[in-house]
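In: pasting the structure only:
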């Protein structure tokens, strides 16, 4: 049989496929001869359909899709393949010749279609790729595909921030906007695309001075997809519960405690339903980050005016948040922590105090989030253009990105700067803890010790420092295999550091390439076209293209837009 695409969503591929390499390999392995198949589950919009579509690209298959409208009609999903009045056994016989069956939205299958899919899995002659939403009620026959271990089960996790940022990279969005979109969508790619389009069409994006990037400041667009996502939040809710949800939505920037005028019984019911979250301090927030912005956007104007809290009411909570971040920086533990108050101020286009902005910038910079660090520093400078701490953080973020000279004297990390520059003898005995171990391992030329230090740094959220330690281990290892492992780990961490270009990372990637590949890639990173490179090196355009393709494979790059941040900046400029 030939491919039949019943659902137009499978043909609409607005973004490059990214971030699911391991999952894609698992699905492809499960669709080859000798395997019965795989069932992919996950929340709405997480990319189940796209993953399966990518896995069967170029492969002959049959597609069926469950729909809400046909969930009560027998064998509705297979209507284009089966005659009217067919029995279950007859349907299974007619479909037993199908070699590969793709079933999308299996949670919406009618009872007869679900039974057909189950029987095909039992008989084992047809390989199946099945996608179903989770959590969602499904027919028992569908659930038994994985609970009965008939098919391999892949629970698809939401796309992480780094991959979401990669998808949005071509849109010119500034980092705080990218972070806000990721947080609100929580891996829902359908919602992400919907919001991105709505923001552009509505003119809600504004230019950021001195960067040319676009920022989203203001309320959430109340699109049809947003309304669909918050539908389950409000349906079957009693008036008191809906009122509490709305009040929490307007109080989200501030910690709200159980005894702060809210009905404890209602809060308990909402917590049991998974609609609110109560942390260890007793603060109550809506469980999904989309719900608060959506409820605020949907509220009537007068009610919103009555419930809204101005920036002046955020002072104590913002101070508490800043103190927490300062303590974590002091402890060199910059793993991600909730910091909603500052984010709410920035998202609402409200002034962010310079002192808070500088701390937030430093926290992001230590995490390797260099573009976000610069964005937070600029937020502080909007209200206080002359603030020295924000200007310093902006300069340090630029220096880590290779865009400016190194700024010396980074607080308590001044001696550690020498370690990062490859001068450990200037820091041995002056540093303690993991930073001291880093200096000692580098001074000894201890490759395995540097790898262990890198792992400890990564556990603390210090991703850029960890990438640098792995990169230094590459040069220290005597075993070529260990050096390759360290290089791979360094590159993986460096990719998460938003364009970091530091002395320790210089030349890291080029070491993976042949001499000719290094030459061509450096020219490509400098902006030369394949034809220009061919003319300069007296090669054919086809030869240049082949060398670039081989380099992309070794570097893990998708195209030449990935090259500049992968290479040592001075080399790229000199070319």
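Out: Noted; the coordinates are in hand. On a predicted model such as this, the values are computed, not experimentally measured, just so you know.
In: give me every residue that touches the nearest residue to residue 276 once chain neighbours are set aside.
Out: Take residue 276 and drop its neighbours on the chain: the residue closest to it by CB to CB, 6 or more residues apart in numbering is residue 270, 4.6 Å away. Placement of C-beta: from N, CA and C, glycine included. By CB atoms under 8 Å, 6 or more residues apart in numbering, the contact list for residue 270 reads 241, 244-245, 276.
In: ok, the residue positioned nearest the centre of the chain to residue 492 distance?
Out: By CA atoms, centre = their mean, the mean C-alpha position of the chain lies nearest to residue 161, the distance being 2.0 Å. To residue 492, residue 161 is 15 Å away according to CB to CB, to the nearest Å.
In: How about residue 213?
Out: For residue 213, the distance to residue 492 - CB to CB - is 26 Å.
In: which sections of the stretch 301-450 of the chain are below the confidence cut-off?
Out: Applying pLDDT under 70 to the stretch 301-450 of the chain flags the ranges 404-409, 411-412.
In: go on, the stretch 451-575 of the chain?
Out: In the stretch 451-575 of the chain, residues with pLDDT under 70: 507, 509-512, 553-559, 561-575.
In: As a check, name the ranges of all helices in it.
Out: 463-476, 480-494, 515-525, 530-537, 541-555, 563-566, 569-574 (DSSP state H, counting those that start in this stretch).
In: so which of these gets nearest residue 79?
Out: Taking CB to CB, helix 541-555 is the member of the helices of the stretch 451-575 of the chain nearest to residue 79, at 44.1 Å.
In: report the angle between the axes of that closest one and helix 515-525?
Out: 90 degrees (axes from the mean of the first three to the mean of the last three CA atoms, to 10 degrees).
In: Could you list every helix and strand in contact with helix 541-555?
Out: helix 515-525, helix 530-537 (3 or more CB pairs under 8 Å, 6 or more residues apart in numbering; DSSP states H and E).
In: Flag every buried residue along the longest one.
Out: Residues of helix 515-525 classed as buried by neighbour count (16 or more other CB atoms under 10 Å): 517-525.
In: returning to what we had before: which of residue 213 and residue 492 has more residues huddled nearby?
Out: More neighbours surround residue 213 than the other of residue 213 and residue 492, with 20 against 13 (other CB atoms under 10 Å).
In: and the gap between the more buried one and residue 199?
Out: As defined by CB to CB, residue 213 lies at a distance of 13 Å from residue 199.
In: Could you report the neighbour count for residue 435?
Out: 22.
In: So it: helix, strand or coil?
Out: helix (DSSP: H, G, I helix; E, B strand; the rest coil).
In: Name the nearest residue to it, ignoring sequence neighbours.
Out: residue 416 (5.1 Å).
In: if I pick that neighbour, what's in contact with it?
Out: Contacts of residue 416 by CB under 8 Å, 6+ apart are 410, 427, 431, 435, 438-439.
In: for residue 520, same thing?
Out: By CB under 8 Å, 6+ apart, the contact list for residue 520 reads 533, 537, 544, 547-548, 551.
In: Residue 264: neighbour count?
Out: So residue 264, with other CB under 10 Å, has 9 neighbours.
In: Quick check: the closest residue to residue 42 other than its chain neighbours vs residue 118, distance?
Out: Of all residues not flanking residue 42 in the chain, residue 156 sits nearest, at 3.5 Å (CB to CB, 6+ apart). In this view, residue 156 and residue 118 are 21 Å apart by CB to CB.
In: Noted, bye for now.
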